[in-house]
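Q: Show me how the following folds:
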Amino acid sequence: MGIDTFHEEPPYVSEGERTPIEEGMVLAIETPAYTTDAGAIMIEDLVHVLPNGIERLHKLPHELGVVS
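A: Reported below is the predicted structural model:
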């Protein structure tokens, strides 16, 4: 649950973040890509932190497709 759809919330996955990642947390891992000619794409995975790793909370593919 978040504030709304346009704000990131801590903890952040970054070099300067000091909040421990703990079992039970759900994190949004987002990899934005920006270009001057095509705009932007935001690929985001929601992950559930488990005792020995993570569980991706969706099964959507990451492959790019050609639309014509």
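
Q: neighbouring strands for the strand or helix carrying residue 33, and are they parallel or not?
A: Here residue 33, judged by DSSP states H and E, is contained in strand 26-35. Strand 26-35 sits in its sheet next to strand 39-50 (antiparallel), going by DSSP bridges.

Q: Contacts made by the partner strand with the rest, please.
A: Identification of contacts with strand 39-50 by CB atoms under 8 Å, 6 or more residues apart in numbering yields 21-34, 54-58, 62. The way it works is simple: take the backbone N, C-alpha and C, and place the C-beta from them, glycine included.

Q: Can you select the buried ones from those in PyMOL?
A: Filtering the contacts of strand 39-50 down to the buried ones (16 or more other CB atoms under 10 Å) takes a single PyMOL command:
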select buried, resi 27+54
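
Q: so where's the protein uncertain?
A: Under the criterion pLDDT under 70, the flagged ranges of the chain are 1-7.

Q: mind redoing it with 90?
A: Counting by pLDDT under 90, the low-confidence segments of the chain come to 1-17, 19, 21, 27-46, 58-68.

Q: Residue 19 versus the spatially most central residue of it, what's the distance?
A: The centre of the chain sits closest to residue 29, judged by CA atoms, centre = their mean, with a distance of 1.9 Å. Residue 29 sits at a distance of 15 Å from residue 19 (criterion: CB to CB, to the nearest Å).

Q: repeat for residue 11
A: In terms of CB to CB, residue 11 sits 4 Å off from residue 19.

Q: Would you mind telling me which of those two has the busier surroundings?
A: residue 11 (13 against 10; other CB atoms under 10 Å).

Q: List the contacts of the more buried one.
A: Residue 11 makes contacts with 17, 19, 21, 25, 27, as judged by CB under 8 Å, 6+ apart.

Q: Now the phi/psi pair for the third one, please.
A: When read as degrees, to the nearest 10, the backbone of residue 21 gives phi -80, psi 120.
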